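Enquirer: when you get a sec, could you give me coordinates for this:
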Amino acid sequence: MTRFNWHDFKTFEKTPTSPHALRHKVSELIYNSWNARCKVDTVNPETGEYRIVLQGTVDWNSWFPVDPPK
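Expert: Here you go, the predicted structure:
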């Protein structure tokens, strides 16, 4: 699996996007995070519309190493 990088956040808001492409990027983000959680914000059973909030912390240090302080 490829690493999620900072510029990949832009792909989440591109419309239209296929569910497959979105699933791939969200999976990369979750797999490259220290922690992640999800909240179901709203669900409309009549229309099938939903809103989900994903929150977490990306593991930037293993992808963009930082020099130790001197």
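Enquirer: what's near enough to touch residue 55?
Expert: 36, 37, 38, 39 (C-beta atoms under 8 Å, 6 or more residues apart in numbering). For the C-beta atoms, the positions are set from N, CA and C on the backbone; glycine is no exception.
Enquirer: helices along this protein, start to end?
Expert: Per DSSP state H, the chain has helices spanning 19-31, 60-63. These are given in chain order.
Enquirer: put together CSV for the ones you listed, with distance to residue 10, mean neighbour count and mean pLDDT on each row.
Expert: Shown next, in CSV, are the helices of the chain (distance: least, C-beta to C-beta, whole Å; neighbours: other C-beta atoms under 10 Å; pLDDT from 0 to 100):
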stretch, distance to residue 10, mean neighbour count, mean pLDDT
helix 19-31, 10, 13, 89
helix 60-63, 17, 11, 64
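Enquirer: and these: which comes nearest residue 54?
Expert: Residue 54 lies closest to helix 19-31 among the helices of the chain, at 7.1 Å (C-beta to C-beta).
Enquirer: list the contacts of the closest one.
Expert: Taking C-beta under 8 Å, 6+ apart as the criterion, the residues outside helix 19-31 that touch it are 1, 2, 3, 4, 8, 11, 12, 36, 54, 56, 58.
Enquirer: of the contacts of residue 55, just say which sits nearest to residue 16.
Expert: Taking C-beta to C-beta as the measure, residue 38 is the one of the contacts of residue 55 closest to residue 16, at 22.7 Å.
Enquirer: just checking, which helix or strand of the protein averages the lowest pLDDT?
Expert: Within the chain, confidence by mean pLDDT, DSSP states H and E is lowest for helix 60-63 among all helices and strands, at a mean of 64.
Enquirer: low pLDDT regions in the chain?
Expert: The model of the chain has pLDDT under 70 over residues 1-2, 62-70.
Enquirer: neighbours of residue 10, how many?
Expert: As a burial measure, the neighbour count of residue 10 was computed by other C-beta atoms under 10 Å and equals 8.
Enquirer: if I look at it, how far off is residue 25?
Expert: Relative to residue 25, residue 10 is positioned 10 Å away (criterion: C-beta to C-beta, to the nearest Å).
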